[in-house]
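Asks: Have a look at this prediction, sequence included:
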Amino acid sequence: MEDCVFCDIVAGKASASMVYEDETVCSFLTIGPVNPGHLLVIPKQHKSSLSDLDEETGMHLFKVTMQMAKALRHSDLQCEGVNLFLADGEAAFQDVFHVHMHVFPRFQGDQFKVDANWEIKPSRQELDEIAERIRRAQGIRT
């Protein structure tokens, strides 16, 4: 893929502080960290969105993500918790269109915030209707 910084990292054309690498995925430190130790886990093959990933690659990506979270917790970095974040699409704040999972350490008093209105509580009927729409889209029966 042309003009993809993550593909350039995989190809060795761009530098990265690599933490993990195998034939399918790699993990490296981001240049825009939320906190020290903020990692990205990416598939080596260019895939723009989560729906482009085959299940096997997706499962492996998540397995490595779990390993990286464990490594952060066992490192000497400040880490009282871990957040995972995957932005899929421009509306979800994806800025590099190559699938990437953020794995970053959290601790009391850090500056990361998720700003949402947590007071909105839909009715059970509304939730059931939304669930049905999602099931219908994938042919899922309960």
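Replies: Ah, there it is. Computed from a prediction, not measured in an experiment: that's the story for all the values here.
Asks: partner residues bridging the residue positioned nearest the centre of the chain?
Replies: In the chain, the centroid-proximal residue (CA atoms, centre = their mean) is residue 101; its distance is 2.0 Å. Residue 101 has the following beta-bridge partners by DSSP bridges: residue 41.
Asks: Residue 56 versus that one, what's the distance?
Replies: In this view, residue 101 and residue 56 are 16 Å apart by CB to CB, to the nearest Å. C-beta: built from backbone N, CA, C; applies to glycine.
Asks: Next: residue 81.
Replies: Note on residue 81: its distance to residue 56, by CB to CB, is 29 Å.
Asks: sec struct for the residue located most distally from the centre of the chain, please.
Replies: Here the centre of the chain is the reference, and by CA atoms, centre = their mean the most remote residue is residue 125, at 31.2 Å. Secondary structure, DSSP: H, G, I helix; E, B strand; the rest coil: residue 125 is helix.
Asks: Look at residue 81 and residue 56 and report which has more neighbours.
Replies: Neighbour count, other CB atoms under 10 Å: between residue 81 and residue 56, residue 81 has more, with 13 against 9.
Asks: Go ahead and confirm that one touches residue 107.
Replies: Yes - counting by CB atoms under 8 Å, residue 81 touches residue 107, with 7.3 Å between them.
Asks: Common neighbours of those two, please.
Replies: Common neighbours of residue 81 and residue 107, using CB atoms under 8 Å, 6 or more residues apart in numbering, do not exist here.
Asks: after the longest helix seen in the chain comes which helix or strand?
Replies: What stands out as the longest helix in the chain, according to DSSP state H, is helix 55-74. Next in sequence after helix 55-74, counting helices and strands by DSSP states H and E, comes strand 81-85.
Asks: Let me know whether residue 20 touches residue 68 as I believe.
Replies: Yes - with contacts counted by CB under 8 Å, residue 20 reaches residue 68, the gap being 6.6 Å.
Asks: okay, and the common contacts of these two?
Replies: 27, 41.
Asks: So between the two, which is more surrounded?
Replies: More crowded of residue 20 and residue 68, by other CB under 10 Å: residue 68, with 22 against 14.
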